[in-house]
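Undergrad: please find the sequence and the predicted model below.
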Amino acid sequence: MSFVQNFPFFSIILAMFSGIISSVLSGKKARNLTLMMIAVTTALSAGTLMFCLKTGESYTYMMGHFPAPWGNEIRAGVLEGVTAVLFGIVMFLSVTGGLDHTARDVEESKQNLFYIMVDLMLSSLLALIYTNDLFTAYVFVEINTIAGCGLIMIRQKGRNLSAAIRYMVMSQLGSGLFLIGLTLLYDVTGHLLMSPAKESVELLVATGRYRIPLLVIMAVISVGLAIKSGLYPFHYWIPDTYGYATPTGSAVLSGLVSKGYIFLLIKIFYRVLGYDNLVGTHMVNVLYLFGVCGMIMGSVHAISETDTRRMIAYSSVAQIGYIYMGIGLGTTAGMVASVFHIFAHSATKALLFISAVGLYEVSGDRKDFVSLRGAAFRNPLAGIGFSIGALSMVGFPMLSGFISKLLFATSALDSPEKMMPTLIVLAVSTLLNAVYFLRLVITLYSRRRPEDKPLPKQTTVRSSWALRLAIICFIGLNLVLGMSSQPIVQAITDGLAMFD
Amino acid sequence: MSRKRDNYEESRWRKFKSWLDGETDLLEHGMDAHEAVMREEDPIIVPAHGEGKEILKSKGIWRFKQFYKVMSVVLCLGVILTLLWTVAALPPRGDANNPDNNEVAARYIERGLQETGAVNIVTGMILDYRAFDTFGESCVLFIGSCCVLLLLRLDGNSEDKELEKMVAETNDRHFEPKNDIILQKCSCVLVPVILMFGIYIVLNGHLSPGGGFSGGAVLGAGLILYLNAFGYKRMGKLFTEKLYKRTTLCALTFYCLAKSYSFFTGANHLESGIPLGTPGAILSSGLILPLNICVGLVVACTMYTFYTLFRKGGM
Amino acid sequence: MNINLVQHLVLNIEETVSIILFGIGFTILLLHRNLVKKIMGMNIMDTATYLFLAVKGYITGRGVPIVVDGIQDVEAYINPVPSGLVLTGIVVSVSSTALMLALTVRLYERYHSLDLDEILILAKEEEEQI
């Protein structure tokens, strides 16, 4: 067993350990430790990815002295490696982009608590990516929830606290459903580890025993994780939560947190319940329907918003609808498209939130359309960053959004009965996306008129170097995903093939 | 010659242009049912701070509330009936041939004592076979206490924080009983017994029912009783914030390093080199005893910290 | 078939009761307006899940999984796995409850109300006034 195989375990432990140590460090030291730790764990994940690409298969890693059904284990493969690398990069750039805002918004004595939240959030995301055990997944889902709540309420203004409690209520509902689904699954199969559980499930499906419990288990687990990731009817907590957090908080919450739960759902579908069983029971059709509704309704809500942060948050609802629609298509191509869209959306949404912060800085911290008029001339880099993000959301060629829409459209062609609705909905939602995003981009680039009220104060004329660096790197990431997408799509396809 | 339009303001182009510039809303109504109903009633009553209840008495709201009640009963029944329908199809209770009484449980029972050294099979399971879950659980407790610290700790850095802190202390002095003779005499007897019982539970985690979590909760209860009886000043001689921080840090760090060593040696098929001792003695079962102690300390400190934060915003 | 269903439910009475409690707790958490009652609902829901899980480990006629007299026969002890899961779950539930209570305390100090709808309206107005 080569040393590289220890890397996933090292990355999880390192993230947790730096969170524990940060409890006694000052704010600045905690920040430096966090940035260093994210860089090191991303490098470790890249090492894992290289190893898995070279050997061409995934491997399991025993956590302890006892093998699979008796002890815990984690599993690393190409898909997990790619996801871990991407999440690490997005988190690093989000923390960097929000550095000075964090220093300003958070009280001096509580800054190290913020960085503890970031560390533990990264550790829980890595654990959700690599885990091969259902109960470990539940425990780390709870860590993810509480860390997310910490990121929301770090600012302690009224709107943040009420958003935090709404978020906690919805999250606990989702966790409760997930736990009871897990319990029922344990009762029926007797295993908590994913691979042995899958064998039991296959046996039960073949013999036809416990047909009703398996159906309800699929439904309950899907609904539980769908509530936590913000699928359409359960999305009411998203605008407040994503819109009012600090820049790092918004970028991390919208880009990474919901994606972690969706990744866990995909993993459970492949490794425990069996994707073919799901397609057979038409459970995927329900997810497809909700995904389609989310795509349309998210964009409709976004059009009616005047506060630009809430508008960007509603567009997240629409994009999560895309991902569930891809899962709901029921084909491997649809799943590849969903996973690619997870990556594209993480990178793009974080870019949008960070650039928007740069634009608000030069508009007197106002977020409505009138104040933002001409902001792109006052802060050119943020304007370019926002425009590229917006164009990527709409699906402009050469950017990542175009590739994901292309993948969705081609995967729709594979499933005959869902082809027409999918293509129509894709077209309609692209149009709706264009309406509100291009409206904002046009506003950013129009000159201020003499009858406009003067801006209250010019807070900062130039954004900090950290913000500018983050925007440039995010633009680079988006272009990489857009233009050299072929190796990434190939890696996702290979990863999904070895995922079960 | 160009035509002049009389109703330029009403024309569609003007409306589109003003929407594009962000001055108006294309869709006037919000989608949230709550907000729609509230907005209808706005002209009648103007809400002010603390008078939110006035809004809630108008008719539209009353109808909505009735609908809400009916819907909640329907939802509750729906969830219960779906799950009951499932439970009816599950294996019966207490049957030895259930799917979950399989080779996993068999190995834990038959070879648990030899492989982990713990007489209590459940402790052996959570601290050795499935130790990663317990590690995650300790982190949940840690991050929960960090979040509560974030919300409730009063630091006294700036002037208004100093004021808040003084107000909290005055409230505390006003509401809590101080120097109550009966309470103090009773706790002189009870607190040592409680603390000893807590330590007994922690140390005997691998021999009898108990362990770090339950023992830590009992220790925390003992500390809280002492604080209530004797007040913050005397408690400060025993247990300060510095001690709390250092204890939690050392305990969690030791836990993390010990478990990482165990996972690393296990995954790489190396011998762990920690002796398991004779089953039934206190100093046995390898790493389980130190881990129980660490967990017990962390849980005791966390329980005590929750209490002080909710009461006064700090120690 | 229906009588069989009811008979099965009555025989497994603990599971039935825990499911009913789960449903009640779920609805309270989702739909009640008072924050403290929502937290109580969450606790009822979690405790019901742990009751359900704990019952899963029981086997008639066997003892607690602590080795006595060196007997390590599978026939002598109940299934230890669900007990371990419940231990973990209780700690997780305690952390979430503490966090939500702390949020409730802060929200009450700020808005003097425990009604979630009212708090959301007041928070929105407060922001619009700034």
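TA: That came in fine, so what should we check first?
Undergrad: in the chain, which ranges drop under the pLDDT threshold?
TA: Since no chain was named, I'll use chain A. A:452-462 (pLDDT under 70).
Undergrad: wait, chain C was what I had in mind.
TA: Counting by pLDDT under 70, the ranges of chain C that qualify are C:1, C:130.
Undergrad: so which residue is dead centre in it?
TA: Centroid check for chain C by C-alpha atoms, centre = their mean gives residue C:46 as the closest residue, at 1.1 Å.
Undergrad: ok, now how distant is the spatially closest residue to that one that is not a sequence neighbour from residue A:25?
TA: Residue nearest to residue C:46 in three dimensions, not counting chain neighbours: residue C:93, with 4.3 Å by C-beta to C-beta, 6 or more residues apart in numbering or on different chains. All C-beta spots, glycine's among them, are computed from the backbone N, C-alpha and C. Distance of residue C:93 to residue A:25, given as C-beta to C-beta, to the nearest Å: 30 Å.
Undergrad: what about those two, which has more around it?
TA: residue C:93 (23 against 18; other C-beta atoms under 10 Å in any protein chain shown).
Undergrad: residues in contact with that one?
TA: C:43, C:46, C:47, C:50 (C-beta atoms under 8 Å, 6 or more residues apart in numbering or on different chains).
Undergrad: now residue A:448
TA: A:373, A:374.
Undergrad: so it versus residue B:17, what's the distance?
TA: 16 Å.
Undergrad: alpha carbons of stretch B:270-284, as CSV, please.
TA: Extracted in CSV, the C-alpha atoms of stretch B:270-284 (Å, rounded to 0.1, in the frame of the first residue of the first chain):
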residue,chain,number,x,y,z
LEU,B,270,1.0,-2.1,11.0
GLU,B,271,0.9,-3.3,14.5
SER,B,272,-0.5,-0.7,16.9
GLY,B,273,1.8,-1.6,19.7
ILE,B,274,-0.6,-0.6,22.5
PRO,B,275,-1.1,-3.4,25.0
LEU,B,276,-4.6,-4.6,25.7
GLY,B,277,-4.1,-5.7,29.2
THR,B,278,-6.1,-8.2,31.2
PRO,B,279,-9.9,-7.8,30.6
GLY,B,280,-11.7,-6.7,33.7
ALA,B,281,-8.9,-4.6,35.1
ILE,B,282,-9.3,-0.8,35.0
LEU,B,283,-6.0,-0.3,33.2
SER,B,284,-6.9,-2.4,30.2
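Undergrad: which element is residue C:38 on?
TA: Per DSSP states H and E, residue C:38 falls inside helix C:35-56.
Undergrad: write out the residues of the stretch 101-250 of chain B neighbouring chain C.
TA: Within the stretch 101-250 of chain B, the positions near chain C by C-beta under 8 Å from any C-beta of the partner chain are B:101, B:104-106, B:108-113, B:119-122, B:125-126, B:130, B:133-134, B:136-137, B:140-141, B:143-145, B:147-148, B:151-152, B:208-209, B:211, B:213.
Undergrad: how does chain B divide into domains?
TA: Following automatic domain parsing, one gets these domains for chain B: B:9-69, B:103-312.
Undergrad: comparing those domains, which yields the minimum mean pLDDT?
TA: Ranked by mean pLDDT, the domains of chain B bottom out at domain B:9-69, with a mean of 59.
Undergrad: can you give me the strands in chain A?
TA: A:59-63, A:72-76 (DSSP state E).
Undergrad: tell me which of these is the most buried.
TA: Counting by mean count of other C-beta atoms under 10 Å in any protein chain shown, strand A:72-76 has the highest mean neighbour count of the strands of chain A, with a mean of 24.
Undergrad: dump that strand to CSV, keeping only the CA atoms.
TA: Below are the C-alpha coordinates for strand A:72-76, written out as CSV (Å, rounded to 0.1, in the frame of the first residue of the first chain):
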residue,chain,number,x,y,z
ASN,A,72,-15.3,2.2,9.3
GLU,A,73,-13.8,2.8,6.0
ILE,A,74,-13.4,5.6,3.4
ARG,A,75,-13.1,5.2,-0.3
ALA,A,76,-11.2,7.3,-2.8
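Undergrad: which residue packs closest to residue 81, ignoring adjacent ones?
TA: Let's take chain A. residue A:49 (3.1 Å).
Undergrad: nope, chain C
TA: Counting by C-beta to C-beta, 6+ apart, the residue nearest residue C:81 is residue B:105, at 5.9 Å.
Undergrad: and what of residue A:283?
TA: residue A:218 (5.0 Å).
Undergrad: same deal with residue A:500?
TA: residue A:270 (4.6 Å).
Undergrad: any buried residues in stretch C:12-25, and which?
TA: For stretch C:12-25, the neighbour count (16 or more other C-beta atoms under 10 Å in any protein chain shown) marks C:12, C:15, C:16, C:18, C:19, C:20, C:21, C:22, C:23, C:24, C:25 as buried.
Undergrad: residues contacting it, please?
TA: By C-beta under 8 Å, 6+ apart, the surrounding residues in contact with stretch C:12-25 are A:176, A:180, B:76-77, B:79-80, B:83-84, B:87, B:90, B:92-93, C:9-10, C:41-49, C:51-52, C:55.
Undergrad: and the buried ones among these, selectable in PyMOL?
TA: In PyMOL syntax, the buried subset of the contacts of stretch C:12-25 is picked out as below (16+ other C-beta under 10 Å):
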select buried, (chain A and resi 176+180) or (chain B and resi 76+79+80+83+84+87+90+93) or (chain C and resi 9+41+42+43+44+45+46+47+48+49+51+52+55)
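Undergrad: ok, now which ones touch the residue nearest to residue A:500?
TA: With contact set as C-beta under 8 Å, 6+ apart, residue A:270 has these partners: A:496, A:499, A:500.
Undergrad: from the residues you listed, pick the one nearest chain C.
TA: residue A:500 (24.3 Å; C-beta to the nearest C-beta).
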